[in-house]
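Asks: I would like the atomic coordinates for the input below:
(2 chains)
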Amino acid sequence: MLKELLALINGDGYFSKPLLARTLNISEAMVDEGLAQLLRMGYMKEEETPSSCTDGCSGCAFAAFCHKELVKMYQFTDRGRALLTS
Amino acid sequence: MKTKRIALVGNPNSGKTTLFNAITGSNQHVGNWPGVTVEKKEGTFTYKGKEYDVVDLPGIYSLGAFSEDEVVAMDYILTDDADVIIDVIDASNIERNLYLTTQLLEMGKNVVIALNMVDEAEKRQIAFDLEAMSSALGVPVVATVASRNNGTDAIIQEAVKAIDKKVSYTNPLTYSENVNHHMQHMVELFAGKNMPYSPEWAAIKVVEGDKHIISVIEASIDDEAVVNGIKDFHKFHSSENFELEIVDSRYAFAHRIAEKTVKRPEVEVVTLTDKIDKILINKYLGIPIFALIMLAVFQLTFAIGQDLLGGYAAALVEWLGTLLENFLVWVNSPDWLVSFMIDGVVNGVGAVVEFVPLITVMYLLLSLLEDSGYMARAAYVWDNLMRAFGMQGKAFISMIIGFGCTVPAIMSTRTMDNKKDRMVTMLITPFMSCGAKLPIYSVFIAAFFSNHGGLVLFGLYAFGILIGLLMAKLFNKTLFKGESSYFIMELPPYRFPAAKSVLRTMWLHVGDFIKRAGTIIFLVVTIMWLLAVLPGSAAPYSQQSYLGRLGTFLVPIFRPAGFGTWQESVALFAGIPAKEAVVGTLGMLYAGEYMEEGVLLVNAIQQHFTSLTALAYMVMVLLYTPCAATLSAVAKETKSAKWTIAMALYTFFIGWIMAVLVFQIGSLFGFA
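Replies: Predicted structure coming up:
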């Protein structure tokens, strides 16, 4: 499942969990689980999205503009890319 | 004789603690696991006159050493302290929960399964074949609803029965040939050694690369051959994906069991979200659809925020101004105070405040788009386009933040690992039109383009993006060569925007706008007013005032762009501390100039500009030097005075060139 999941995520430059779940005939919870495993094993890494700054919002005059995560982004690690090409 | 002990294990939210409470009733106590802050719940129950101990292990998804909870649970299970383990499975989420079950079976543990919350699963039309599940897993399976005490007696009965069962190690999982080969090698290496675990399970964990278990084996075994064997294995096979293969084998096993024993309702193969996404994120349609949506946003912004509500805001500011002026005259206030309050505050700051309805509508619409999940699709659609300009998708998120305010947009680039991407994004973000520029466009649009307000506004935003992308391409080809990072985006499901969330987002922007009007804009307008009425020897608001002299000095710079009066020049200068101050300063200066005539700002602008110079002025405002707060953010983020000055100068130059081009080309075509 994990290899297929990785390949599907790589497919179009985007993914949605419901679509992955239907394609792999598994539940969305399983997609979450698989994604968590791929991240833990170091095949992918979750990117900090630009809407969250590392210093936190306390005291920042511009915190109002940084309140939401617009989209989650991931990146394949060298290990992930190697697995995809293997 | 030692009291028999039952351990409860399961995923978080599987109802494990509810089952523990149902089994033990009030006979329980809470403590901590030694050395950690993880809560330990223990209790007892009596069955057929015999007392049993029960321990509730922390909720975990797997038996690894990735969290304190997992280490506690794994160590407890491995010590063989429990005579039987009740594995509590959430019946609605069986496949995911079975992963932990497969690990328990892999360990060769004495397991009884409580398939819990079956009532919830049945409501979702999920049916189970308990007999088949029990047979496939090789352990008893009991359906329970712990919250209603259903099945509690049956699970106790099965657990007690299993206590005396003789368990021999049989691993029901199958692994790849490669993994099997290495596991066999490890089993041979461990054979006859005094191991803390069964050689078969230890072999799985070593091949899987479980650092926690390997360290326990290495610490407990005094055999150099074994320690070196493990080290050599990892040295020579570091590039292989054994962990993934083993984890995948567990998922495959859990999937097979679920396929065989669980019946779910049929799901739609293609959902509405898929159908919508096929259009909205289509390679060719995505960008035009985004453009159409934004055009509609700007049209609605003008239709509602300006045409429908704008008049009320202007009338309110005017009414308050008259009220204040009458009051000041009534209390015999000095002329300078009346001048400051009316020309400076009311006509200056008030000119900015009049645009609150416009700002409100625009951010309400953008918040609706954001909350619906569309903006995430827009980021994906833009990612494709931006790659053509050497940028990455993350830059689009910074650009979207920049439509609100450039400062957080600059700060948001911190999350980019790639320095090249970060610098280029910082350098182009000021071209995204921030909310502070909106009042400037609005007043010029109201003066000259009121019939096509949305279209002009859309054109300005689009032009800013275009200039940003072209500059990005230029920077990528010259100063910042190299590969951009490639990202995969997770698209959230579409959802109906929640009123609370939308209103909150909208208010964050509107509140900030009002706050700025009362602080920075007030301060800038006050300084501008002082400069406009001093020295005392010069007529107020005249070319001989300090402000007039400064403006006159700047006039030759802007004359090629068509706006060659000192008021227009000095207003652009005032826009560097804060962009809204352009409108505030024009409002104050024109009010001073037309003091006797009571001319509105829009009318004054019509007398000073033509539609072509107004367009050139808006282009200048769109692109020229960002505000002081942005420059300060750039200085902080780049830690470079050189880059900060470079940004201030290059953006001014780009703005000036474009404004001059608009005016000169327009003049050539006879629009002057």
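Asks: any idea how far the residue most central in space within chain A is from residue A:80?
Replies: Centroid-nearest residue in chain A, with C-alpha atoms, centre = their mean: residue A:74, separated by 4.1 Å. Distance of residue A:74 to residue A:80, computed by C-beta to C-beta, to the nearest Å: 9 Å. (C-beta placed from N, C-alpha, C; glycine too.)
Asks: anything in contact with each of those two?
Replies: Counting by C-beta atoms under 8 Å, 6 or more residues apart in numbering or on different chains, the contacts common to residue A:74 and residue A:80 are residue A:44.
Asks: skip ahead from the biggest helix by length in chain A and say which helix or strand is next.
Replies: Identified as the longest helix of chain A according to DSSP state H is helix A:28-40. Next helix or strand after helix A:28-40 toward the C-terminus (DSSP states H and E): strand A:44-47.
Asks: which strands and helices sit next to that following strand?
Replies: helix A:28-40, strand A:72-76 (3 or more C-beta pairs under 8 Å, 6 or more residues apart in numbering or on different chains; DSSP states H and E).
Asks: which residues touch the longest one?
Replies: To tie it back to what came earlier, the one meant is helix A:28-40. Counting by C-beta under 8 Å, 6+ apart, A:1-2, A:5-6, A:9, A:17-18, A:20-21, A:24, A:26, A:44-46, A:74, A:80, B:61, B:66, B:93, B:95-96, B:99, B:247, B:251 sit against helix A:28-40.
Asks: shaky segments in the stretch 101-250 of chain B?
Replies: Scanning the stretch 101-250 of chain B for pLDDT under 70 picks out B:167-169.
Asks: what parts of the stretch 451-600 of chain B come near chain A?
Replies: By the rule C-beta under 8 Å from any C-beta of the partner chain, the part of the stretch 451-600 of chain B lying against chain A is B:485-493, B:505, B:508-509, B:511-512.
Asks: widest-spaced pair of the residues you listed?
Replies: Farthest pair in those (C-beta to C-beta) is B:486 and B:511. Separation: 37.5 Å.
Asks: what about those two, which has more around it?
Replies: When neighbours are counted by other C-beta atoms under 10 Å in any protein chain shown, residue B:486 comes out ahead of the other of residue B:486 and residue B:511, with 14 against 11.
Asks: and the more buried one, which helix or strand is it part of?
Replies: Residue B:486 belongs to no helix or strand, assigned by DSSP H and E.
Asks: for residue B:105, same thing?
Replies: helix B:94-107.
Asks: residue B:41 now?
Replies: If you go by DSSP H and E, residue B:41 is part of strand B:39-47.
Asks: do residue B:9 as well
Replies: With DSSP H and E as the criterion, the answer for residue B:9 is strand B:4-10.
Asks: and that strand with helix B:94-107, angle?
Replies: 140 degrees (axes from the mean of the first three to the mean of the last three C-alpha atoms, to 10 degrees).
Asks: can you pull the buried residues of the helix or strand just after strand B:4-10?
Replies: Where DSSP H and E defines the elements, the next helix or strand beyond strand B:4-10 is helix B:16-24. By 16 or more other C-beta atoms under 10 Å in any protein chain shown, the buried positions in helix B:16-24 come out as B:16-24.
Asks: hang on, the earlier thing: next SSE downstream of the helix holding residue B:105?
Replies: Going down the chain from helix B:94-107, the next helix or strand is strand B:111-116, by DSSP H and E.
Asks: next helix or strand past that following strand?
Replies: Past strand B:111-116, further along toward the C-terminus, the next helix or strand under DSSP H and E is helix B:118-123.
Asks: contact partners of that following helix?
Replies: B:91-92, B:94, B:128, B:143-145, B:148, B:150.
Asks: show me which residues of it are buried.
Replies: For helix B:118-123, by 16+ other C-beta under 10 Å, it's B:118, B:120-121.
Asks: what about chain B, any weak spots by pLDDT?
Replies: Counting by pLDDT under 70, chain B has low-confidence residues at B:1, B:35-37, B:65, B:80, B:167-169, B:267-269, B:393, B:484, B:594-599, B:672.
Asks: go ahead and confirm residue B:366 touches residue B:374.
Replies: No - look at residue B:366 against residue B:374 with C-beta atoms under 8 Å: they stay out of range, at 10.2 Å.
Asks: residue of the stretch 501-650 of chain B closest to chain A, please.
Replies: In the stretch 501-650 of chain B, the residue that lies nearest chain A is residue B:508 (3.8 Å; C-beta to the nearest C-beta).
Asks: helix or strand: which one has that residue?
Replies: helix B:499-516.
Asks: and the next helix or strand past that helix?
Replies: helix B:522-533.
Asks: neighbour-wise, which of the residues of the stretch 451-600 of chain B next to chain A leads?
Replies: residue B:489 (26 neighbours).
Asks: the host helix or strand of that one - contacts with which helices or strands?
Replies: Element membership for residue B:489, per DSSP H and E: strand B:488-490. Packing contacts for strand B:488-490, counted by 3+ C-beta pairs under 8 Å, 6+ apart, involve strand A:14-15, strand A:72-76, helix B:374-388.
Asks: direction included, what does that strand pair against?
Replies: strand A:14-15 (parallel), strand A:72-76 (antiparallel) (DSSP bridges).
Asks: with only the CA atoms kept, save whatever helix or strand comes next after the longest one in PDB.
Replies: It stands for strand A:72-76. Per DSSP H and E, strand A:72-76 leads on to helix A:78-85 as the next helix or strand towards the C-terminus. Extracted in PDB, the C-alpha atoms of helix A:78-85 (Å, rounded to 0.1, in the frame of the first residue of the first chain):
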ATOM      1  CA  ASP A  78      16.000  11.700  -1.700                       C
ATOM      2  CA  ARG A  79      14.900   8.400  -0.200                       C
ATOM      3  CA  GLY A  80      11.400   8.900  -1.500                       C
ATOM      4  CA  ARG A  81      12.600   9.800  -4.900                       C
ATOM      5  CA  ALA A  82      14.900   6.800  -5.000                       C
ATOM      6  CA  LEU A  83      12.000   4.500  -4.100                       C
ATOM      7  CA  LEU A  84       9.800   6.100  -6.800                       C
ATOM      8  CA  THR A  85      12.500   5.500  -9.500                       C
END
